[in-house]
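K.L.:
would you be able to build a 3D model of this:
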Amino acid sequence: MPRYSSQRIKPLVIAKILLENTDENTFLTTSDLVQALAEYEIPVERKSIYNDIDALRQFGLDIELKRGRQGGYYIASRDFELPELKLLVDAVQSSRIITDKKSSILIDKLSKLTSKEQAKQLNRQIHMQGRAKMRNEAVYYAIDAVHTAINTAKKISFRYFDYSISKSQIYRRAGKEYIRTPVAMCWNDDNYYLVTFDSSFEDPFASYRIDRLTDVKVIEEEAEQYDTNSFNLASYIKQHFGMFTGQTIDAKIIFHESLVSVVLDQFGSDTGLIKYDQDRFMILASVSASPVFLGWIFQFGDKVEILEPESLRDAMRDMLKSGLDRYS
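P.N.:
Next comes the predicted model:
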């Protein structure tokens, strides 16, 4: 524990003691504060503590006094309440992109935002079955470089790789650097993606997995300008990831009534649900004939049927036949 000889910093030490050791269920009396200050080698008179606490209150620290035999001074409110910190800790522990080591560091920092007693509740150990953590901490530096480039309107350079059967890194374009204008970063299916712009391509927007970028640098070349009004990140994600990859088509799909929540989660809460018969409803939605979408439909068995268009029914029929041929 550090030792302080100056009385001038006494109010700051009192603030530190209260922040670390009190909450709405844990209190410190004036005597407790005198004793705690003694451990920092700061001698003090009881009366001076009242003035220091008043000064801290004027500064904005929410210090309350619970009266009674079991009462005392405590921090009544903080920037982050305990339920909010629990939510953040859960997000850190369950995220694939944050390594085990970095998770521990971040959770330790989050724990310092509440009292020591409440911090014990933040060791929540959320375990996601089958959820593999990233091992490469270089991803944090890549994210920082991308943010810097976006904020300073610069391009970035990077190399991009895939994995081979032996799990070694195989760089695309024989390891040649990509030079791109960073547009945004986004989450999809628990992966972090970088969206870039390059006007030399027919489809100027492209996406790359952040965890597969290496040697990310901000370069002096000015970022390319693009029509920000015509680019919508939410629409881009819907069009380029998962179920909606590829050209979209308008479809009519029938679902069993037990799948209402599933449909609203997938297509949005504003999706129109049309009564079809006694226990089924129909939706009109823009989808694609991608294997991901067809696989999503297949998992619900006889509780779902594609009604239109016939081309989408054919695509489902072909996928089912191919699977049946493989296992016959």
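K.L.:
only C-alpha atoms from now on, for both contacts and neighbour counts.
P.N.:
Fine.
K.L.:
tabulate the CA atom coordinates of the lowest-mean-pLDDT helix or strand in the chain in PDB.
P.N.:
Of the helices and strands making up the chain, the lowest-confidence element is helix 233-240, at a mean of 78, by mean pLDDT, DSSP states H and E. Coordinates of each C-alpha in helix 233-240 appear next as PDB, following Å, rounded to 0.1, in the frame of the first residue of the first chain:
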ATOM      1  CA  LEU A 233     -24.200  -0.900 -43.300                       C
ATOM      2  CA  ALA A 234     -27.300  -2.800 -42.000                       C
ATOM      3  CA  SER A 235     -28.400  -3.400 -45.600                       C
ATOM      4  CA  TYR A 236     -24.900  -4.400 -46.600                       C
ATOM      5  CA  ILE A 237     -24.700  -7.000 -43.800                       C
ATOM      6  CA  LYS A 238     -28.100  -8.400 -44.800                       C
ATOM      7  CA  GLN A 239     -27.200  -8.700 -48.400                       C
ATOM      8  CA  HIS A 240     -23.700 -10.100 -48.000                       C
END
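K.L.:
now it: buried residues?
P.N.:
Counting neighbours by 16 or more other C-alpha atoms under 10 Å, one finds that the buried residues in helix 233-240 are 236-237, 239.
K.L.:
nearest to His256, of these?
P.N.:
Proximity of these to His256, judged by C-alpha to C-alpha, is greatest for Gln239, which lies at 26.2 Å.
K.L.:
any idea what Ile254 is bridged to?
P.N.:
Ile254 has the following beta-bridge partners by DSSP bridges: Met282, Glu305.
K.L.:
can you give me the helices for the stretch 51-200 of the chain?
P.N.:
Under the criterion DSSP state H, counting those that start in this stretch, the stretch 51-200 of the chain contains helices at 82-94, 100-111, 116-119, 138-152.
K.L.:
neighbours around the closest residue to Leu264 other than its chain neighbours, how many?
P.N.:
Closest residue in space to Leu264, ignoring its immediate chain neighbours: Thr271 at 6.6 Å, by C-alpha to C-alpha, 6 or more residues apart in numbering. By the criterion of other C-alpha atoms under 10 Å, Thr271 has 14 neighbours.
K.L.:
isn't Thr271 up against Ile283?
P.N.:
Yes. Between Thr271 and Ile283 a contact is recorded at 7.3 Å, counting by C-alpha atoms under 8 Å.
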